[in-house]
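Visitor: sequence? don't have it. structure:
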């Protein structure tokens, strides 16, 4: 005659519990009784140690700046275009009052490599409710922050995706407020009467 004994196996942290069966022949003699559990022994729950708690790694800011620290001057015509583009970008992104701004531009048409804008451009585009910093002074934690002091910020970047034969430029206006938080718009900057006009923005990316 065969008896079926159930053997349970448990897991400690992530493994699911499981069961298995084993067949063994019945002893010819009387079945031996299980010894009574000792009061001094560990309880059934005490046999399973609690899950091990692993502390998170120490918080560390990324060391790479958000932009190349190169404040190469741009032409007065380009500076006027960037100023208008940043005003448009800040208008659609609408940063909270008091939020610090990290600012960068893409100087080379077709490349979104971020460079610090000229100091006079930052000074002229700084809204009264925000402090603006060259993006080379900012790094990315879970959000953009000012490298010195760790103040939370938002990153604003304008670059020229395409320079067209008629003098107009296809711009990309980028707003980044977290590792998984960003928007990008496309807009066309058209030269008019010695200045610029920026068309209505089209949302092209969101994360």
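Guide: Right, received. Where do you want to start? Everything quoted here is computed from the prediction, not taken from an experiment.
Visitor: where does pLDDT dip in the protein?
Guide: 1-63, 126-127 (pLDDT under 70).
Visitor: now the helices for it?
Guide: Here the chain has its helices, by DSSP state H, at 76-93, 119-125.
Visitor: what's the closest of these to residue 166?
Guide: Closest approach to residue 166 among those is made by helix 76-93 (14.6 Å; Cβ to Cβ). Where you see a C-beta, it was placed from the backbone N, CA and C, and this is true even at glycine.
Visitor: list the buried residues of that closest one.
Guide: Residues 78-86, 88-90, 93 are the ones in helix 76-93 that count as buried (16 or more other Cβ atoms under 10 Å).
Visitor: contacts for it?
Guide: With Cβ atoms under 8 Å, 6 or more residues apart in numbering as the test, helix 76-93 has contacts from 74, 101, 103, 105, 117-118, 120-121, 124-125, 127, 154, 156, 158, 169, 171, 173-175, 183, 185, 187, 189, 191, 195-196, 198, 201.
Visitor: let's have the helices of the chain in JSON lines, adding distance to residue 64.
Guide: Shown next, in JSON lines, are the helices of the chain (distance: least, Cβ to Cβ, whole Å):
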{"stretch": "helix 76-93", "distance to residue 64": "23"}
{"stretch": "helix 119-125", "distance to residue 64": "21"}
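Visitor: what pairs with the residue lying closest to residue 68 once chain neighbours are set aside across the strands?
Guide: Among residues not flanking residue 68 along the chain, residue 115 sits closest, at 4.9 Å (Cβ to Cβ, 6 or more residues apart in numbering). Residue 115 forms beta bridges with residue 68, residue 105, as assigned by DSSP bridges.
Visitor: I'd like to know how many residues surround residue 103.
Guide: 29 (other Cβ atoms under 10 Å).
Visitor: look up how far residue 124 lies from residue 76.
Guide: Here residue 76 is placed at a distance of 12 Å from residue 124 (Cβ to Cβ, to the nearest Å).
Visitor: contacting residues for the nearest residue to residue 180 once chain neighbours are set aside?
Guide: Spatial nearest neighbour of residue 180, chain neighbours left out: residue 207 (5.6 Å); criterion: Cβ to Cβ, 6+ apart. Applying Cβ under 8 Å, 6+ apart to residue 207 gives the contacts 180-182.
Visitor: any quick ChimeraX command for the buried ones out of those?
Guide: Remark: buried members of the contacts of residue 207, expressed as a ChimeraX selection using 16+ other Cβ under 10 Å:
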select :182
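Visitor: looking at the contacts of residue 207, which are in strands?
Guide: 181-182 (DSSP state E).
Visitor: looking at the contacts of residue 207, which is nearest residue 145?
Guide: The nearest member of those to residue 145, counting by Cβ to Cβ, is residue 181 at 13.6 Å.
Visitor: weed out the non-buried ones from the contacts of helix 76-93.
Guide: 74, 101, 103, 105, 117-118, 121, 124-125, 154, 156, 158, 169, 171, 173-175, 183, 185, 187, 189, 196, 198, 201.
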